[in-house]
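>>> I'd like to go over a predicted model; first the sequence, then the structure.
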Amino acid sequence: MTRGVLRSCVDPKNSPPIILRVSGGTSIIGKDLSHEAITTSVEDALRLNVAAVGMSVFVGSDYEHDSLVNLGKLVDECESYGIPVMAVTAVGKELEKRDARYLGLCCRIAAELGAKVVKTYWCENFDRVVNGCPVPVVMAGGPKCETGREVFEFVYDGMQKGAIGLNLGRNVWQHDHPVAMIKALRAIVHENATVEEAEGIFQTEKKA
Amino acid sequence: MTRGVLRSCVDPKNSPPIILRVSGGTSIIGKDLSHEAITTSVEDALRLNVAAVGMSVFVGSDYEHDSLVNLGKLVDECESYGIPVMAVTAVGKELEKRDARYLGLCCRIAAELGAKVVKTYWCENFDRVVNGCPVPVVMAGGPKCETGREVFEFVYDGMQKGAIGLNLGRNVWQHDHPVAMIKALRAIVHENATVEEAEGIFQTEKKA
Amino acid sequence: MTRGVLRSCVDPKNSPPIILRVSGGTSIIGKDLSHEAITTSVEDALRLNVAAVGMSVFVGSDYEHDSLVNLGKLVDECESYGIPVMAVTAVGKELEKRDARYLGLCCRIAAELGAKVVKTYWCENFDRVVNGCPVPVVMAGGPKCETGREVFEFVYDGMQKGAIGLNLGRNVWQHDHPVAMIKALRAIVHENATVEEAEGIFQTEKKA
Amino acid sequence: MTRGVLRSCVDPKNSPPIILRVSGGTSIIGKDLSHEAITTSVEDALRLNVAAVGMSVFVGSDYEHDSLVNLGKLVDECESYGIPVMAVTAVGKELEKRDARYLGLCCRIAAELGAKVVKTYWCENFDRVVNGCPVPVVMAGGPKCETGREVFEFVYDGMQKGAIGLNLGRNVWQHDHPVAMIKALRAIVHENATVEEAEGIFQTEKKA
Amino acid sequence: MTRGVLRSCVDPKNSPPIILRVSGGTSIIGKDLSHEAITTSVEDALRLNVAAVGMSVFVGSDYEHDSLVNLGKLVDECESYGIPVMAVTAVGKELEKRDARYLGLCCRIAAELGAKVVKTYWCENFDRVVNGCPVPVVMAGGPKCETGREVFEFVYDGMQKGAIGLNLGRNVWQHDHPVAMIKALRAIVHENATVEEAEGIFQTEKKA
């Protein structure tokens, strides 16, 4: 979440811990979505009392160097305040890159530079990503799945292979039954539920 | 208004609240009007006791990255003093870009980066711009209209669709009856007047 | 005058108020004379106890952006100490640019960015330059004139049209009678002398 | 070792003195492995209580200038805290560069810029590298050797010719008997053992 | 002399006043020897207790702008501590540039930017270089001369034409009789000796 949305749309008295997105500076009609910079200072993140800050890294892109160096600087600043940095491995539109070799490389580099947690896409052989990364790994969502079961399956697989959590977007918010989706996913992440059990929770909640 | 004009032409004892323009560094005979930088420090804005600072953003241009990153930096600095930043969505000469999709994208990005208010052009379906933007939207003027009624019409439409105010230039100052124009526009913005009522005020004031 | 010459050639106990040139970084055998940067810090200008600092701006050149942004930064720094900045509108070798439209644009931009005084070339319709500029305008010299009278004529014209003073170089120092020239010019600037009167002073002083 | 690995994998209560790698910002799928920057601040190195910091220099590469200037800046910062800097002469994939002339040039430049120790590859005529370098030289490993004896031979040669130590990677960790390798190498470095003696230690330890 | 050599090879208890070389970042196998930056901070120069700092300027080269702007910054910093800056006019491999017109331009620019002393090559009409430069000029050595007498001749000529001293390299250290060379040169610089007298001193000392 960016500071603009946090300041204008979130009730500060009743908010869960927030991870503030601090990289940006691009648009979908601009030249290159990977040309990000740090667009929010750590001082402003402190003022907003966030739990952590997050930024994207673009390994293999034209702006790889910039994003990795910016990650180093962000960690430098955040360490002086004790704020954890989450690195987000961004792949842009090249979805074919989402294999364990590529994502494992991204996560490893981000962790070596000092990220305290890494968010990446689920992929086949996800344990190779997790095992090669010295810090915890969170799963992102990616493109919208056809069915809820597809979501439960990759989330279950990722959790079994070592992910510590989940950060989904459109597969929850664009779903017809987002609350049922969240409850089912929560069971997989926090209560070790199987795909079948999650599906059962989803069906029950959907009718509620 | 720039600091040069503010310091040399405005009576400091008798001035309304000012929004100081702090981006620039281009000329109409230079290479690219979108290649702006921050040309006035926040410290100098404080010294000038302005109500807010404003800068242009150029989404989709060659200098999109620079202007968005500069907006982030300006907000970083202004937050430490509590000065609001107004982002101005600039379109240069490409007037065809003035649709709700493009302007809505610009406003949204500027607000996410931390602008406290956004100034943009009126366009068809202006409510889409306003509704997608988490901060208040002010309407700019754009090219000179043929008649005062045209101005009243777009201003009325924009106000009805959620704008919080107006920032016109040549449609007032280059008009033969600027005072009558201002009074008519004021009625639309602050007294909820219709286009017909504004036209009536204009005709009355014009003769005064 | 640069700090090098000021420190090594000017007696600090017996010096008129100095405007220190603080931009540079080019040479006549380098790639582009308009590629200047700030080469003397404001802190060093303070140490040298100068009355003001001056820098060149290159509107319309390849380095327009850099010079205008540097002017903004210089003004930012100087405002915190109360030192006035003089902008010098540089035209390089393209003398054909010396018309009121171009010079007026340069002066206006420099003043908007915060220059407290602008130095520019005299041109036809010089009042258009002066009237469009919210701060005082000083006339530079330009190429060497054929006769002293030519100099008196453009200086007189410029003063009548609103210039506040003069900053000549080769038309005084390279003249056979520099003292006579200065006395004649002084009469035009400070005593409202006509061209004929200046010519008279010059002839008298020349023989003295 | 990078700060990410140091913070997440090394027990701070039971760690030998560490040299922290502070340059990076590249990946094996990026454009140029020599395009490194300083990715960890000296302040963070202090927090991690490391014995020294290390960075790569890329003499003769496209980023020679950047890496040498960064070395100068790193030394500037480290001198103010008294932390020694180790420069690592990197050659990328161009292994043919590993001769005494090239490596001697790299070591000399790094030492002149202020590195307190230099790590470089062993090469023929290694004494020319050591003798031309005003600070101590440590040998890096390079590609994996066929046999342990090959390793002992270059290490022995380098120590005899003036190296002060060793920094091997794959020739130890990827060996089938890393502990035996380390003990044999230790004897060469610290007890002046010959290649034959090292081979004897290796064979004994391998069976232990 | 660089800080690396100064710290590792010079006895701090028994050293003459040192001029520390603070520019660098190039190598003979890199892209451009004129692409230098400031590689040692003024703070570190203070720590090393040097008498002055020196840097190269490359007028007319691709990096003219960078080197001149860096000279300005170095002077800015040094003035705040009272450390004099020596500018060294570098010509690279283009020896044909060594005429009074070129070297005079370089010296003049360096002095205007604030260098307190300039080191340049001897050339024909060396008085034109010295007279156009508002600060003292020191002569550098240049390529190795065939005979000692050639050295005495250019040194004598330069001293007569206004140089304040000498900074030779290979014409002394690579000579078969460096001590005799130094004593002869010292006589020219400090005792106003003629070339013949210097030759006599050299022959006497050579046999000593």
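Structure's in. What do you need? Numbers count the residues shown, from 1 in each chain, chains lettered A, B, ... in the order given.

>>> going forward, measure contacts between C-alpha atoms and count neighbours the same way
OK.

>>> Which residues does the longest helix seen in chain A contact?
Selection of the longest helix in chain A by residue count, based on DSSP state H, yields helix A:64-79. If you take Cα atoms under 8 Å, 6 or more residues apart in numbering or on different chains as the criterion, helix A:64-79 is touched by A:35-38, A:42, A:55-59, A:84-85, A:87, A:110, A:113-115, D:24-26, D:30, D:35-41, D:43-44.

>>> Report the entries of those that also contact chain B.
Among those, the ones lying near chain B by Cα under 8 Å from any Cα of the partner chain are A:His35, A:Glu36, A:Ala37, A:Ile38.

>>> Residues of chain A that sit close to chain B?
Within chain A, the positions near chain B by Cα under 8 Å from any Cα are A:2-5, A:8-9, A:24-27, A:29-31, A:35-41, A:43-44.

>>> Select only the buried ones of those in ChimeraX?
Those of these that count as buried under 16 or more other Cα atoms under 10 Å in any protein chain shown are selected in ChimeraX with:
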select /A:2,3,4,5,8,24,25,26,27,30,35,36,37,38,39,40,41,43,44
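
>>> what residues are up against A:Cys133?
Neighbouring residues of A:Cys133 by Cα under 8 Å, 6+ apart: A:Gly104, A:Cys107, A:Arg108, A:Ala111.

>>> are any of those residues buried, and which?
For the contacts of A:Cys133, buried by 16+ other Cα under 10 Å: A:Gly104, A:Cys107, A:Arg108, A:Ala111.

>>> Kindly reformat the residues you listed as JSON lines containing distance to A:Ala163, secondary structure and pLDDT.
Formatted as JSON lines, the buried ones among the contacts of A:Cys133 follow (distance: Cα to Cα, whole Å; DSSP: H, G, I helix; E, B strand; the rest coil; pLDDT from 0 to 100):
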{"residue": "A:Gly104", "distance to A:Ala163": "13", "secondary structure": "helix", "pLDDT": "97"}
{"residue": "A:Cys107", "distance to A:Ala163": "12", "secondary structure": "helix", "pLDDT": "98"}
{"residue": "A:Arg108", "distance to A:Ala163": "14", "secondary structure": "helix", "pLDDT": "98"}
{"residue": "A:Ala111", "distance to A:Ala163": "15", "secondary structure": "helix", "pLDDT": "98"}
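
>>> any idea which of those is closest to D:Met181?
Nearest to D:Met181 among the buried ones among the contacts of A:Cys133: A:Arg108, at 28.1 Å, using Cα to Cα.

>>> Setting the sequence-adjacent residues aside, check what's closest to the closest one.
Distance criterion Cα to Cα, 6 or more residues apart in numbering or on different chains; nearest residue to A:Arg108, sequence neighbours excluded, is A:Cys133 at 4.9 Å.

>>> what does A:Asp127 give?
Closest residue to A:Asp127 apart from its sequence neighbours, by Cα to Cα, 6+ apart: A:Lys161 at 4.7 Å.

>>> neighbours around the one you found, how many?
By other Cα atoms under 10 Å in any protein chain shown, the residues close to A:Lys161 number 16.

>>> quick one, what contacts the closest residue to chain D within chain A?
Going by Cα to the nearest Cα, chain D is nearest to A:Glu112 of chain A, at 4.0 Å. The contact partners of A:Glu112, by Cα under 8 Å, 6+ apart, come to A:Pro134, D:Thr2, D:Arg3, D:Gly4, D:Val5.

>>> try A:Val88
A:Val88 sits next to A:Gly54, A:Met55, A:Ser56, A:Val57, A:Val118, A:Lys119, A:Thr120 when contact means Cα under 8 Å, 6+ apart.

>>> what lines up beside the helix or strand containing it in the sheet?
A:Val88 belongs to strand A:85-89 when elements are defined using DSSP states H and E. If you go by DSSP bridges, strand A:85-89 pairs up with strand A:52-57 (parallel), strand A:117-121 (parallel).

>>> where does the residue nearest to A:Arg108 land in three-state SS?
Going by DSSP: H, G, I helix; E, B strand; the rest coil, the secondary structure assigned to A:Cys133 is coil.

>>> Need the pLDDT of it.
As predicted, A:Cys133 sits at a pLDDT of 98.

>>> In chain A, what residue comes closest to chain B?
Per Cα to the nearest Cα, A:Gly4 is where chain A lies closest to chain B, at 4.0 Å.

>>> Am I right that that residue sits in a strand?
No. Applying three-state DSSP, one finds A:Gly4 to be helix, outside a strand.

>>> so who does it touch?
B:Ala111, B:Glu112, B:Leu113, B:Gly114, B:Ala115, B:Pro134.

>>> Distance to D:Ala184 for these - can I get that in a markdown table?
Output for the contacts of A:Gly4, formatted as a markdown table (distance: Cα to Cα, whole Å):
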| residue | distance to D:Ala184 |
| --- | --- |
| B:Ala111 | 64 |
| B:Glu112 | 61 |
| B:Leu113 | 59 |
| B:Gly114 | 61 |
| B:Ala115 | 65 |
| B:Pro134 | 68 |
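
>>> from those, which two are the most distant?
Spatial extent of these (Cα to Cα) is set by the pair B:Leu113 and B:Pro134 at 11.1 Å.

>>> Looking at the two, which one has more neighbours?
The residue with more neighbours, out of B:Leu113 and B:Pro134, is B:Leu113; 29 against 22, by other Cα under 10 Å.

>>> Please name the residues that touch that one.
B:Leu113 makes contact with A:Thr2, A:Arg3, A:Gly4, A:Thr39, A:Thr40, B:Leu68, B:Leu71, B:Gly72, B:Val75, according to Cα under 8 Å, 6+ apart.

>>> just A:Asp176 next, same as before
A:Asp176 neighbours (Cα under 8 Å, 6+ apart): none.
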